[in-house]
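Participant: build me a structure from this.
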Amino acid sequence: MMKHYRLGEICNIVSGGTPSRSNTSFWEGGTIPWIKIGNISQKYVNTADEYITQEGLDGSSAKMLPSGTILYTIFATLGEVGILSIDACTNQAIAGLTIRNLEQVRTDYIYYYLKSRKVYVSNLGRGVAQNNINMSILRDFDVPLPSIEQQDEIITVLEKTSAVIEGRKEELGKLDDLIKARFVEMFGDPRNNSRYNYVSFEELVEYMGDIGSNGANKVVTEHLDMKDEEDYALMVRFLNFTKNDFTDDVKYISQDAYEFFKKSQIFGGELIICKIGSAGQNYVMPSLNRPVSLGLNQIMVRINDKVLMPYLYQYLHTEYGESLISGCINGAVTKSITKTELKKIPVMLPSKDEQRQFASFVEQVDKSKDLIQKSIYKTQLLFDSLMQEYFA
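Facilitator: Take a look at the predicted model:
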C-alpha cells in the first residue's frame, strides 16, 4: 500500500516577501532577481522582470531561494508551479519548497504532484476574500509517495508527454517566425523605410480605453465584483493572454457590472496592451462568443479603416515597433505605459491592398496554427488524465 505524507514533512516551505517600494535603495541598481507570479510560465523559471538590491534583501522579509527550489503560487492566481533554475527571491504570493531528502523524493515528482493540484487548490481558495491559501494549508497537502523507482517512471512518462506539448508549441513559434519573415519580405525593415509614409498611432485609432474610462477609481472599485464562479461576463486579465487561457484560470462579473463597464466592453479583434508591470506587451483579443469586459491595468484599442489589425500587430512586433513601445515606458521600479504616449508612436503605413495581401498570408498561417492548437489540446487532455491516475 502506498504511503502518504504531509507536504510539510517532505519539504521545507517558506513564503517570499516584497521590499518596501518607497525605499528606492531596495530597488535601484538591483541585481538579485525578484520573481512574481507572471514569471512562472514554464517548468523552469530563470527570468525576472524586476531586481532588488542586497540592501532590499537584508532589510525586508524577502528570502534568497537557491536554484532547484519549487515555486508555488498561494495568492490571487493559485496553483501555478515552477522550478527555479537560478538563485532568486520571490514575492509573498509565492511559496518556496525545497526537498528535505533528495534520496527519497524527486524534485520533479513534487513538481508534477503540485501541478495535479491546480483544480483542488483553486476550489480551496474560492470564498476567501483575496483568493489565497495559507502556509498551514499548503503544508497539510496529502502527498502519495511511491518508491523512488516508481517516481522516476512517473516522471519519465509525464516528461515525454509534456515534451510533445512543448514540441507543438515550438511549431507555433516557427509559424510566428514565418509571419515575421513575410512582413520583412513585403515591407522591408520599418527602421530604414523610404517607401511608405508614417502616421501617428492616434490617426489609426477609432477608440482607446481602459477600465478607468468608466469613472474614477472609487467608482470603478465599487462596481468591480470579480469572482471565480461562472457568471454573466468574463473579465479578461492580462494573464489570460500570456497563457492563452480563456477557460480555466478566469474571472467573471455580473450583468450589472458588465453593463456599468460599457466603455471597456470587448468583442474580439481589439488590440490589448498591458499598462503596468509587463508594460507594452500586447495581444489581439480573440472572439469568445460571450460577453467580455476588460480587466485592470490594460488598454484596449479599436482601429479605424486606415489599417488592418494583422498588419498593425506585426508592425508593433518588429524590432523597430518593440523599440518604439519601449520608448513609451516609464518608471524605474514599476514599469508603466500611458494612452498619451502610445498615441505618439509613428506607424509605417503601406497601401490597403498590400495590407490585405499580408493579412491573407497571416490568415493561411493561422489555419495551420489552429490545427496545432487542437493537437496541443488533445495531448493536454492525455497529460491531465495521467496526472489524475498518478496523483488522485
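Participant: could I have stretch 78-96 exported to CSV, CA atoms only?
Facilitator: What follows is stretch 78-96, C-alpha atoms only, in CSV (Å, rounded to 0.1, in the frame of the first residue of the first chain):
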residue,chain,number,x,y,z
LEU,A,78,-3.4,29.9,-7.2
GLY,A,79,-1.6,26.7,-8.1
GLU,A,80,1.0,27.8,-10.6
VAL,A,81,4.2,25.8,-10.2
GLY,A,82,7.8,26.0,-11.5
ILE,A,83,11.3,25.1,-10.5
LEU,A,84,13.9,27.8,-10.0
SER,A,85,17.0,27.4,-12.2
ILE,A,86,18.6,30.5,-10.8
ASP,A,87,19.1,31.9,-7.3
ALA,A,88,16.3,34.4,-6.7
CYS,A,89,13.8,35.9,-4.3
THR,A,90,10.0,35.8,-4.6
ASN,A,91,7.1,38.0,-3.5
GLN,A,92,4.7,36.9,-0.8
ALA,A,93,2.2,35.4,-3.3
ILE,A,94,4.7,32.6,-3.9
ALA,A,95,5.9,29.8,-1.6
GLY,A,96,9.3,28.2,-2.0
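Participant: would you mark the buried spots in it?
Facilitator: 78-84, 88-91, 93-96 (16 or more other CB atoms under 10 Å). Where you see a C-beta, it was placed from the backbone N, CA and C, and this is true even at glycine.
Participant: what does stretch 45-60 give?
Facilitator: For stretch 45-60, burial by neighbour count (16+ other CB under 10 Å) applies to V45, A48, E50, Y51, I52, T53, G56, L57, S60.
Participant: restricted to helices, list those.
Facilitator: Members of the buried residues of stretch 45-60 lying in helices (criterion: DSSP state H): G56, L57.
Participant: now, the buried residues of stretch 45-60 that are in strands?
Facilitator: V45, E50, Y51, I52 (DSSP state E).
Participant: isn't the second one up against K36?
Facilitator: Yes: in this structure, E50 sits in contact with K36. The criterion is CB atoms under 8 Å, and the distance is 7.3 Å.
Participant: which of the buried residues of stretch 78-96 sits closest to S254?
Facilitator: Comparing the buried residues of stretch 78-96 against S254 with CB to CB picks out L78 as the nearest, at 22.3 Å.
Participant: and the protein, what are its domain boundaries?
Facilitator: 3-145, 147-175+350-392, 197-349 (automatic domain parsing).
Participant: before we move on, the earlier item: between the ones in strands among the buried residues of stretch 45-60, which is closest to F187?
Facilitator: E50 (35.0 Å).
Participant: could you find the closest non-adjacent residue to that closest one?
Facilitator: Distances taken as CB to CB, 6 or more residues apart in numbering place W34 nearest to E50, at 4.8 Å, with adjacent residues excluded.
Participant: and that neighbour, how far from N46?
Facilitator: 13 Å (CB to CB, to the nearest Å).
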